[in-house]
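Student: I need the structure of the sequence given here:
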Amino acid sequence: MCGIIVIVSSLDEGPSVDFGRATLEIAKENEASHQSQGETSSRNTAPEITSANNVPGVAQTPKNVTTLPFKRLDAHTFFSDRNDVVERAIKDCTDTLTKDVDGEIIGCWLLTQISLWDTEKERLVLLTQNALFSVKYDFISLKALEFSRVPLSEIDTVVNGELVYPPTSLVPRLNGLAEGVSSIFHNAVRQQWSSFTARSSFGEFESRGRNMVGLQLMWNKGKPLPLEKKWNPFVKNIPWLTFASHPLFWHKGTDLEKMKFDVEGLHAALVSLIGENCHVVSNSIVLENYLGLGALLHNRNALGFFKIRGKVSF
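Tutor: Residues are numbered from 1 along each chain as shown. Okay, here's the model as predicted:
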């Protein structure tokens, strides 16, 4: 409730021509050379700009790449990044969990589910004609551990929008502090002090939100959550589910590879299935986390994901 970072570099401009001392022929040659360099630079950078524009929730021309999610993530530490593991998990779950009453399989995704307490968890999502399954799948032992099933007929509201925190929340400031400390640590280990300028150091410590798009499915009929559930960290029967794209989404090169990690795919498929009684809203999704030190530690170390361990991140 964890990207592809594209840095477009341009070639240095060619030397200026002194028309007072050079002949017209030399000027034309320099101009043609400069134009050729410009075309080469444009040809090399165009695919990278297109790739960045395809990332949901990310500015098309990001000026500050520190705001992109999961920029220091090592994708290879995720067990779900291994060849054909996700496909095998999808087949296992569709064979064992879905029944005839659920109807035809519409789509399957590996996403991040964000809990009421703002903790991120890796979930396999199966969408059928009549139900949605959220499955906790063990990508190490290759078996489903638990799952929840939500009939589509019970969903009354679908919200799609940016994941944000309340104005009084301290979480963005804590995220900025943690990111700044992490940057200092990484630069010290890699002995890159020269690249860690005073300007970049202040930018690393700035408040930062999640900077990503989410999807929330609700079946509470507009009623608020009772206090005994809202403040109970062990409660499970919450009448909504919140999803975001899986961290691997920002580390895949092609659109085909990204599809199974993209929450927007689930959103598009779900909207085409739900009935007229369900309200579809485009609005920010507020994560009611005001302090959340536990969630900060949980999410920065990706404790809700099956991955190779051995170190703790800050």
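
Student: could you pull out the strands for this protein?
Tutor: For the chain, the strands defined by DSSP state E occupy 105-114, 120-128, 131-138, 143-151, 157-164, 213-218, 240-245, 279-282, 285-286.

Student: Please convert these to JSON lines, extending it with mean pLDDT, distance to residue 306 and mean neighbour count.
Tutor: From N, CA and C alone the C-beta is placed, and that goes for glycine too. Putting the strands of the chain into JSON lines (pLDDT from 0 to 100; distance: least, Cβ to Cβ, whole Å; neighbours: other Cβ atoms under 10 Å) gives the following:
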{"stretch": "strand 105-114", "mean pLDDT": "98", "distance to residue 306": "11", "mean neighbour count": "22"}
{"stretch": "strand 120-128", "mean pLDDT": "97", "distance to residue 306": "6", "mean neighbour count": "23"}
{"stretch": "strand 131-138", "mean pLDDT": "97", "distance to residue 306": "6", "mean neighbour count": "20"}
{"stretch": "strand 143-151", "mean pLDDT": "96", "distance to residue 306": "10", "mean neighbour count": "13"}
{"stretch": "strand 157-164", "mean pLDDT": "96", "distance to residue 306": "23", "mean neighbour count": "18"}
{"stretch": "strand 213-218", "mean pLDDT": "97", "distance to residue 306": "21", "mean neighbour count": "22"}
{"stretch": "strand 240-245", "mean pLDDT": "97", "distance to residue 306": "17", "mean neighbour count": "23"}
{"stretch": "strand 279-282", "mean pLDDT": "95", "distance to residue 306": "32", "mean neighbour count": "11"}
{"stretch": "strand 285-286", "mean pLDDT": "96", "distance to residue 306": "25", "mean neighbour count": "19"}
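
Student: Ok, which of the ones you listed comes nearest residue 178?
Tutor: strand 120-128 (14.7 Å; Cβ to Cβ).

Student: Buried residues, stretch 77-90. List them.
Tutor: Buried residues in stretch 77-90, counting neighbours by 16 or more other Cβ atoms under 10 Å, are found at 78, 79, 80, 81, 85, 86, 89, 90.

Student: Which residues does that stretch contact?
Tutor: Stretch 77-90 is contacted by residues 75, 108, 110, 122, 124, 126, 137, 139-140, 142, 144, 246-248, 260, 305-308 when judged by Cβ atoms under 8 Å, 6 or more residues apart in numbering.
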